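S.K.: coordinates for the following, if possible.
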Amino acid sequence: MSSVPLPLVHVVLFEPEIPNNTGNIGRSCVALGMSLHLIHPLGFDLSEKACRRAGLDYWPRLKLHEHASVEAYRSKHAQTRRWIFTTRARRPIWEARFEPGDHLVFGNETHGLPPQLHREAQATDRRVSLPMVPGERSLNLATAVCAAGYEAIRQLIVSGAQKLDEAGRLSLP
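M.R.: Now for the predicted structure:
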């Protein structure tokens, strides 16, 4: 697996507002071997003291990347395949074909994603949704990220980019 970019999947949160959601997402990222990118401003404190107080004992194992703005993130990851998750997409997640190194991008809890990320994803046909019954507006952010992360890892296992060990755990490179 040496030619595969690591981590295999990156989760990107645009200006997250709720610390508990980000904490749960961080835990899912650690469990799945994914990295977490946070685009500032954040709606909470990420200091070591705040993380300790919140009981985030797994936080030191998280592959965390912080970006000062959406422009800084886009500049640093200009060549990255980004999948935008939105309730406005008509394409369901299972029609996406995830590849090693892909970024799964989620908007914040109250405002979603900025228009430029929607336009970029629409141009590349990389806007996807987690289908729901009519009348429901959205899933909790941490729930959506977890569902998307497991689908991406499932596809990478099927493609052979990710392996399971004999105990049924994701193998680490």
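S.K.: for the protein, spot the helix or strand the model is least confident about on average.
M.R.: helix 48-53 (a mean of 69; mean pLDDT, DSSP states H and E).
S.K.: residues of the helix ranked longest in the chain that come out buried?
M.R.: Counting residues, the longest helix found in the chain (DSSP state H) is helix 141-159. The neighbour-count check on helix 141-159 (16 or more other CB atoms under 10 Å) flags 141-142, 144-146, 148-149, 151-153, 155-156 as buried. For the C-beta atoms, the positions are set from N, CA and C on the backbone; glycine is no exception.
S.K.: what does stretch 125-133 give?
M.R.: So for stretch 125-133, counting by 16+ other CB under 10 Å, buried means 126-130.
S.K.: export those residues to TSV and tack on pLDDT, distance to Pro100 and secondary structure?
M.R.: TSV is the format used below for those (pLDDT from 0 to 100; distance: CB to CB, whole Å; DSSP: H, G, I helix; E, B strand; the rest coil):
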residue	pLDDT	distance to Pro100	secondary structure
Arg126	94	16	coil
Arg127	95	21	strand
Val128	96	18	strand
Ser129	95	23	strand
Leu130	97	22	coil
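S.K.: so which of these is the closest to Ala50?
M.R.: Distances from Ala50 to the buried residues of stretch 125-133, taken as CB to CB, are shortest for Leu130 (29.8 Å).
S.K.: let me see the ranges of the strands in the chain.
M.R.: 9-14, 35-39, 63-67, 82-85, 102-106, 127-128 (DSSP state E).
S.K.: now the ones you listed in JSON lines, with distance to Gly168?
M.R.: Listed next are the strands of the chain as JSON lines, based on distance: least, CB to CB, whole Å:
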{"stretch": "strand 9-14", "distance to Gly168": "19"}
{"stretch": "strand 35-39", "distance to Gly168": "23"}
{"stretch": "strand 63-67", "distance to Gly168": "23"}
{"stretch": "strand 82-85", "distance to Gly168": "26"}
{"stretch": "strand 102-106", "distance to Gly168": "23"}
{"stretch": "strand 127-128", "distance to Gly168": "27"}
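S.K.: indicate which one of the ones you listed is closest to Arg91.
M.R.: strand 127-128 (5.1 Å).
S.K.: can you report phi and psi for Leu130?
M.R.: The phi/psi pair for Leu130 (degrees, to the nearest 10) reads phi -100, psi 100.
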